[in-house]
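Trainee: Sequence and predicted model, in that order:
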Amino acid sequence: MEIWWANTNNTLDNNSSNLAIGFTSSAISVILFGSNFVPVKKFDTGDGMFFQWILCASIWIVALVVNLILRCPKFWPLAMVGGCVWATGNITVVPIVKTVGLGLGLLIWASTNLLTGWASSRFGFFGIDPEVVQRPYLNYAGAGLSALSAVIFLFVKTEVKSTTLESEITPLLGTSINSDGNAATDESWVDKLSPLQRRIIGSVMAVVAGVLYGSCFIPVLYIKDHSKNNESIYAGASQFDLDYVFAHFSGIFLTSTVYFLIYCMVMKNRPKVYPKAILPGFISGFLWAIANCCWFLANNYLSAVVSFPIITAGPGLVAAMWGVLVFKEIRGNRNYLLLVLAFCIVLSGSLLTAFSKT
């Protein structure tokens, strides 16, 4: 009897510790994901190709440090595929921010990200095992409420100021520096769009980015699930999600480098390079990398079916607060009321998802 009681207490303590680590990691991810683009918000990043390459370089450096701390766990190339998928979605971030704003853009892609990641984990798409929670009805309700918030956010109107207008903000650089040393205007294709075109194109790109973001963890989950099969090439693979960070982030950096080289060729070796975007880009990449490492931890201690609704819906709240309080992209009592309603729905969805695990 005493042994049974001791084992029961140990199990409860372990479960409590796992939940504490998982939800703490989720909270850190939410804050950093909602804030990681703030350092570059008022700097002109042009078409975003140079910026995204700097961002991904910073991400890879963080991954290298994490890999050394973990004593270089086995490298699985398949985990790089998730990084490739993420990097493909990431090249749309700067145009999205320029067209519909940081707050609304992040909210749209986060909601699409939520549905894609949650559904693939819950129902076992793409060859991964479906994940089970103790209270599935709460999990369904939480995911549904988080998705409903996306519909409300679509009705929130944003006012995005162009970074090329000196009367509005201090620009990064009056001209971009090209390989031949000649000055070129920093006006991008986004600046030529009408307000309606910006909203439509930005929203569509945000949805596409969300689908790609929501699929990026599938290769890691696939490796972990098939590691239990002795006949699989992944037999014996680690069950600790953070062991796959280096491979995942290497895929991000490799893909972003390929895209940047293609961009340089398309631009006839005259890419638009913005020197002052380098430091903000590195800071943004550092924040994102830490947030994503915490997401890996949340997946490990909570499971993806629980972490996805929380971590993908939560950053929208943080980003919207930046958009309201600092960047003044969202104004008017109607928009404020819609945001409050959406916030309540997202919060309710996150709490229901959390309770479905306990």
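Mentor: Done, it's in.

Trainee: how about stretch 224-234: buried residues?
Mentor: Of the residues in stretch 224-234, 224-227, 234 count as buried by neighbour count, 16 or more other Cβ atoms under 10 Å. C-beta: built from backbone N, CA, C; applies to glycine.

Trainee: what's the answer for stretch 248-258, then?
Mentor: Going by neighbour count (16+ other Cβ under 10 Å), the buried part of stretch 248-258 is 248-256.

Trainee: Dump the C-alpha coordinates for it into CSV.
Mentor: Taking only C-alpha atoms (Å, rounded to 0.1, in the frame of the first residue of the first chain), the coordinates of stretch 248-258 have been written out as CSV:
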residue,chain,number,x,y,z
HIS,A,248,14.9,22.0,-38.2
PHE,A,249,16.6,25.4,-38.0
SER,A,250,19.3,24.2,-40.4
GLY,A,251,16.6,23.5,-42.9
ILE,A,252,15.3,27.1,-42.3
PHE,A,253,18.7,28.7,-43.0
LEU,A,254,19.5,26.5,-46.0
THR,A,255,16.2,27.2,-47.7
SER,A,256,16.3,30.9,-47.0
THR,A,257,19.9,31.0,-48.5
VAL,A,258,18.7,29.3,-51.6
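
Trainee: Contacts for that stretch, please.
Mentor: Contacts of stretch 248-258 with the rest of the structure, by Cβ atoms under 8 Å, 6 or more residues apart in numbering, involve 52-53, 55-57, 59-60, 62-63, 79-84, 86-88, 90-91, 216, 219-220, 289, 292.

Trainee: Quick check: which ranges of the stretch 151-300 of the chain have low pLDDT?
Mentor: Counting by pLDDT under 70, the stretch 151-300 of the chain contains low-confidence residues at 151, 153-191.

Trainee: all strands of it, in order?
Mentor: Secondary structure of the stretch 151-300 of the chain by DSSP state E, counting those that start in this stretch: the strands cover 175-177, 183-185.

Trainee: show me what contacts Ile54?
Mentor: Applying Cβ under 8 Å, 6+ apart to Ile54 gives the contacts 277-278, 281-282, 285.

Trainee: can you check Thr312 too?
Mentor: When contacts are counted by Cβ under 8 Å, 6+ apart, Thr312 is found next to 110-111, 113-114, 117, 146, 213-214.

Trainee: Kindly report the same for Tyr301.
Mentor: Listed by Cβ under 8 Å, 6+ apart, the contact partners of Tyr301 are 18-19, 21-22, 25.

Trainee: And the residues you listed, which of them are buried?
Mentor: Among those, those that count as buried by neighbour count (16+ other Cβ under 10 Å) are 19, 21-22, 25.

Trainee: Just send these back as a markdown table, with pLDDT, distance to Arg71 and secondary structure too.
Mentor: Conversion of the buried ones among the contacts of Tyr301 to a markdown table gives the following (pLDDT from 0 to 100; distance: Cβ to Cβ, whole Å; DSSP: H, G, I helix; E, B strand; the rest coil):
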| residue | pLDDT | distance to Arg71 | secondary structure |
| --- | --- | --- | --- |
| Leu19 | 81 | 27 | helix |
| Ile21 | 87 | 20 | helix |
| Gly22 | 85 | 23 | helix |
| Ser25 | 90 | 21 | helix |
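
Trainee: got these as JSON lines, with distance to Asp241 columns?
Mentor: Shown next, in JSON lines, are these (distance: Cβ to Cβ, whole Å):
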{"residue": "Leu19", "distance to Asp241": "16"}
{"residue": "Ile21", "distance to Asp241": "12"}
{"residue": "Gly22", "distance to Asp241": "11"}
{"residue": "Ser25", "distance to Asp241": "10"}
